[in-house]
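1. fold the following.
(2 chains)
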Amino acid sequence: MSHKSRFAEFRAGMGPLIKELKFSFSRIKKSPLSIMGISILVFFSAVALLAPVLAPPGHPSQAGDPYMIPRDSYVSEPQQPSAAHPFGTAEGQWDIYYGVIWGTQTAFRIGIIVVAGILAISLVIGTIAGFYGGIIDELLMRFTDIIWAFPGLILAMALVIALGASLDSVMLALILVGWSSYARVVRAEILRVKQEDYVEAAKAVGCSDLRVMVKHVLPNSIYPVVIMASLDIGAIVLSAAALSFLGLGADPGYADWGQLISFSRNWIMGRPENRFMYWFVYWIPGLFIFTFVLGWNLLGDAFRDIMDPTLRRR
Amino acid sequence: MGLRAFIIRRLLLLIPTLIGVTLLIFAVIQFFSPMQRVALFVGQSPKELGSFELLIQKYHLNEPIYIQYVTWITEVLKGNLGWSKSINRPVTQIIVERAPTTAEITIFSAPVIILLGIWLGVKSAVHRDKMFDHLSRVVAIIGWSLPTFWFGIILISIFHVGLGWFPTGRLGEAANSFVHSDAFIRYTGLNTIDGLLNGQIWITLDALRHLVLPVVTLTVVIIALIIRVMRSSMLEALNKGYIVTARAKGLTQNEVINKHARRNALIPVVTVSGMLAAGMLTGLVITEYIFNIPGIGMWAANAAIAIDVPAVLGFTIFSAVIFVVANLIVDVLYAYIDPRIRLG
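-> Alright, predicted model coming up:
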C-alpha cells in the first residue's frame, strides 16, 4: 500500500472526528464568554513567555534566581507605585510588578505539572482497574473511595505539612489528592472501550495486554479525560494559591501570587488619614489570580456545554 | 429494598471507609519524627508527663507498625486526638469548644447557598439564553473563580475598613464581655440564638452584624456549584414528555415549573450536596481565618501556619468524619426522595 492511499484512508477514518472538532470550534466561536476565556489565557501565556522581557531579572538581591522577587531593602511598610516600582512594593519591599509577572510562569508551571501528574496516575490506575477488573479493580476503587472521604484541600493541607512546606510539596499534595476522581472517569471509559470489537480482535490475534492497552484501548478513551483535567488548571492554581496564602507554599520572596496576597494582611486597615492607602498590595496580585482562574473557568464552562451530548445539538 | 434496609446497608459501608480514613492518616503520621508523633498521644500538658523516652515506650512508638496503629487508633477512639501546641490545649477539647462558632456560620450560610442557588438555577433554565440566564451564569463563574481569601480581604477593605458597616470577629467588645459574664446563660453556644433565649436582642443583632461578611463570602464562592447543576437538570426536565403533557393539559407556566419540572430537577442537586459540604469545610478554614472568627476553621488555619501537626491531623480526621456523615445523610435523603435509588 502506498503512502498516499494510507494517508487517504487515515483522512477518511478521521473524517467524523474532524467534523466533530469543526462543530465544536463553531460553537466556541459563537460564544462570547469562551472567546473572552481564550483571550485571557492568550494574554497570560504571552505574559509568561515574555516575563524575561517585561521584567528583566538581574537585580543583585535575586542572587541569580529569576524566580526570586527583587527587593531594595527590608523596610516593612509597602511603597506606593512609582516609576521604579509600577505596582508598588509589598511588605518587605518585594516588587509587586516583578512578582505578578514571574508569578504567571509559576501559575502555569503549577497547573501543568499538577495536571500532568494527575493524568499519569489516574491513567495508570484507571486503566489497570478497568482492564483487569475483579479484585484488582475492587482494591483500587476502594482506595479512591478513601481519598474521596476527605475534603480535597484539607487533605492536601495535611499532606503538605507532612511533606514539609514548599512549592514542590504543594504540587505533590495536589496530585496525590486530585488523581482519584479522574481515575474513576478513566476506568469507566476503559470499561466502555474494552467491549469493542477491535479490542477483542487485537486480543484474538495474540497481542500482549500491554500492547492492547497502549495501542488500542487508551487512544480511544483518554481524550475526554485529558480535556477535563486540563480545564481544571484554574481550580488547581486556586487551591495552590490558598495553600500559599497560608504560608505552606514557596519560600518568602518567590514569585507566587498567593504569597504576595499573604504579605498584604497587615496593611488592609490602611492609615487613619487614608483607609485605602495600601490598596495595591492586595488588589493587584488578587486580580491576577482571579483573571487567570476566570479564563480557565470560562473556557471550561463552554467546553462542558459542548461536550454534554444532551445539550449539544439543540 | 426498603428505606430501613438501605440505611442499615449504608451505615455498614461507613465502617470500612472510616477504617480507610484512619489508615491513610496513620500513613501520613509516618512522615513525622518520633518527637512530633509523641504529641499525638499526650492528652494533658506535656510538661506534667514523664520524659520523652518513657512516652515513646508508653505509646509503643518503637514497636512494629501494626502495634503502633492499634495503639493510636485506640487513643483516637477514646477521643484523644493529641495536643495542639499552637493554643496549648487538647485537640478534642478545642473542637468541642469551638464547634458552636463554626456551626453558627454554617447554619446561616448553607440555607442561603442552597435556596438562592436553586432559585437562580431554575430561573436561569426557564429564561434560557435570555438576559437573566447570561447574568446569573456570569455571576456564578465570577464567584467560582474568586480566591476565597482575596474576596474576603476585598470585602473587609470596603465594608469594614472603608464604610464601617460590618465588623470582623465574632462579637463586638461590649457584647463579648456580656456574653462571657454570669448574667448570660449559654444554652446553645450560638450567640444569635442565646441572645434571643436570654431576651438580649442586641446580642443577637451584634452577632448577625458580624455574620454578614463571612456568609456573603461563602455564598458567592460556593453558590455556582448549585446554580450550575440546578440549571442543567432543570433544562433537562423541561424537555421531558410529562412537561409537554402538563402544558397540553393547559396548566400555567408557573404550575408547570413549580409542580412538575422543579420537583424532578431537584434530585441532581442532592447529589452535589457532598461537594457543597467539602466546599463549606474548606471555605470555613479560609473565611474564619480572614475574618478573625475564633472557630474550628481559624484554629486549623493557624495550626497549619505554625506546623502544629496534631492539630492539623486532628482537624483532617474531624473534617473527614463530618464529610462522610454529611454524604451519608445526603444518600439517605436521596433514597427517600427518589425510590428508584433504593430499589435499583
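2. confirm that A:Pro81 sits in a strand.
-> No: using DSSP: H, G, I helix; E, B strand; the rest coil, the assignment for A:Pro81 is coil, not a strand.
3. that one: how many residues sit nearby?
-> Residues lying near A:Pro81 (other Cβ atoms under 10 Å in any protein chain shown) number 16. (C-beta placed from N, C-alpha, C; glycine too.)
4. contacts only, for it.
-> A:87-88, A:280 (Cβ atoms under 8 Å, 6 or more residues apart in numbering or on different chains).
5. quick one: it and A:Trp283, what's the gap?
-> The gap separating A:Pro81 from A:Trp283 is 11 Å, by Cβ to Cβ, to the nearest Å.
6. likewise A:Val237?
-> For A:Val237, the distance to A:Trp283 (Cβ to Cβ) stands at 18 Å.
7. tell me which of the two has more neighbours.
-> For A:Val237 versus A:Trp283, the count of surrounding residues by other Cβ under 10 Å is larger for A:Val237: 26 against 19.
8. which residue is the nearest non-sequential neighbour of the residue of the stretch 151-300 of chain B found nearest chain A?
-> Using Cβ to the nearest Cβ, the closest approach of the stretch 151-300 of chain B to chain A is made by B:Ala278 at 3.8 Å. Residue nearest to B:Ala278 in three dimensions, not counting chain neighbours: A:Pro151, with 3.8 Å by Cβ to Cβ, 6 or more residues apart in numbering or on different chains.
9. what are the phi and psi angles of B:Ala265?
-> phi -70, psi -20 (degrees, to the nearest 10).
10. what do you get for B:Asn80?
-> Main-chain dihedrals, B:Asn80, degrees, to the nearest 10: phi -100, psi 100.
11. regarding the chain, what is its longest helix?
-> The chain I'm using is chain A. Using DSSP state H to define each element, chain A has its longest helix at helix A:96-132.
12. ah, I was thinking of chain B
-> helix B:91-126.
13. buried residues in that one?
-> The neighbour-count check on helix B:91-126 (16 or more other Cβ atoms under 10 Å in any protein chain shown) flags B:91-92, B:94-95, B:98, B:100-102, B:104-106, B:108-110, B:113-114, B:117-118, B:120-126 as buried.
14. leaving out chain neighbours, which residue sits closest to residue 303?
-> You didn't say which chain, so I picked chain A. Nearest residue to A:Phe303, sequence neighbours excluded (Cβ to Cβ, 6+ apart): A:Leu231, at 5.9 Å.
15. sorry, I should have been clearer: chain B.
-> B:Ala311 (3.5 Å).
16. show me what from the stretch 201-344 of chain B comes close to chain A.
-> For the stretch 201-344 of chain B, the contact set with chain A under Cβ under 8 Å from any Cβ of the partner chain comprises B:232, B:235-236, B:277-279, B:281-282, B:285-286, B:289, B:300-301, B:304-305, B:307, B:309, B:312-313, B:315-316, B:319-320, B:323-324.
17. quick one, whatever helix or strand A:Gly295 lives in and helix A:96-132 angle?
-> Per DSSP states H and E: A:Gly295 is located in helix A:279-307. Here helix A:279-307 points in a direction 30 degrees away from that of helix A:96-132 (axes from the mean of the first three to the mean of the last three Cα atoms, to 10 degrees).
18. same question for helix A:279-307, mean pLDDT?
-> Per-residue pLDDT over helix A:279-307 has a mean of 86.
19. chain center to that helix, what's the gap?
-> Distance of helix A:279-307 from its chain centroid, counting by Cα atoms, centre = their mean, to the nearest Å, is 12 Å.
20. can you pull the buried residues of that helix?
-> Going by neighbour count (16+ other Cβ under 10 Å), the buried part of helix A:279-307 is A:279-286, A:288-290, A:292-303, A:306.
21. then stretch A:53-62?
-> Applying 16+ other Cβ under 10 Å to stretch A:53-62 flags A:55, A:57, A:59, A:62 as buried.
22. what's the closest of these to A:Ala158?
-> When the buried residues of stretch A:53-62 are compared for distance to A:Ala158 (Cβ to Cβ), A:Gln62 wins out at 33.0 Å.
23. backbone phi and psi for the closest one, please?
-> phi -80, psi -20.
24. residue contacts, it?
-> A:Gln62 neighbours (Cβ under 8 Å, 6+ apart): A:68-70.
25. quick check, nearest of those residues to chain B?
-> Closest approach to chain B among those (Cβ to the nearest Cβ): A:Ile69, at 18.6 Å.
26. residues near the closest one, how many?
-> Neighbour count of A:Ile69, defined by other Cβ under 10 Å: 32.
27. and it, how far from A:Ile113?
-> 21 Å.
28. quick revisit: the residue nearest to B:Ala278 touches B:Val285, doesn't it?
-> No: between A:Pro151 and B:Val285 there is no contact under Cβ atoms under 8 Å: 9.3 Å.
29. show me which of those two is the more surrounded one.
-> Per other Cβ under 10 Å, whichever of A:Pro151 and B:Val285 has more neighbours is B:Val285, with 30 against 26.
30. quick check: residues of the stretch 51-200 of chain B near chain A?
-> For the stretch 51-200 of chain B, the residues in contact with chain A (Cβ under 8 Å from any Cβ) are B:137-138, B:141-142, B:144-150, B:153-154, B:156-157, B:161-162.
31. one more time with 10 Å, if that's ok
-> Residues of the stretch 51-200 of chain B lying close to chain A (Cβ under 10 Å from any Cβ of the partner chain) are B:128, B:134, B:137-138, B:140-154, B:156-158, B:160-164, B:168.
32. list the contacts for A:Val124?
-> Shown in contact with A:Val124 (Cβ atoms under 10 Å, 6 or more residues apart in numbering or on different chains): A:179, A:183, A:186.
33. closest one of those residues to A:Arg6?
-> A:Val186 (30.4 Å).
34. and the closest residue to that closest one other than its chain neighbours, how far is that from chain B?
-> Among residues not flanking A:Val186 along the chain, A:Gly126 sits closest, at 2.7 Å (Cβ to Cβ, 6+ apart). Taking Cβ to the nearest Cβ, to the nearest Å as the criterion, A:Gly126 is separated from chain B by 19 Å.
35. pretty sure A:Gly126 contacts A:Arg187?
-> Yes: using Cβ atoms under 10 Å, A:Gly126 is in contact with A:Arg187, at 4.3 Å.
36. looking at these two, which one has more neighbours?
-> Taking other Cβ under 10 Å, A:Gly126 and A:Arg187 do not tie; A:Gly126 has more neighbours (29 against 24).
37. rewinding a little: now the buried residues of stretch A:53-62 in a markdown table, with secondary structure and pLDDT?
-> Formatted as a markdown table, the buried residues of stretch A:53-62 follow (DSSP: H, G, I helix; E, B strand; the rest coil; pLDDT from 0 to 100):
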| residue | secondary structure | pLDDT |
| --- | --- | --- |
| A:Ala55 | coil | 78 |
| A:Pro57 | coil | 81 |
| A:His59 | coil | 76 |
| A:Gln62 | helix | 78 |
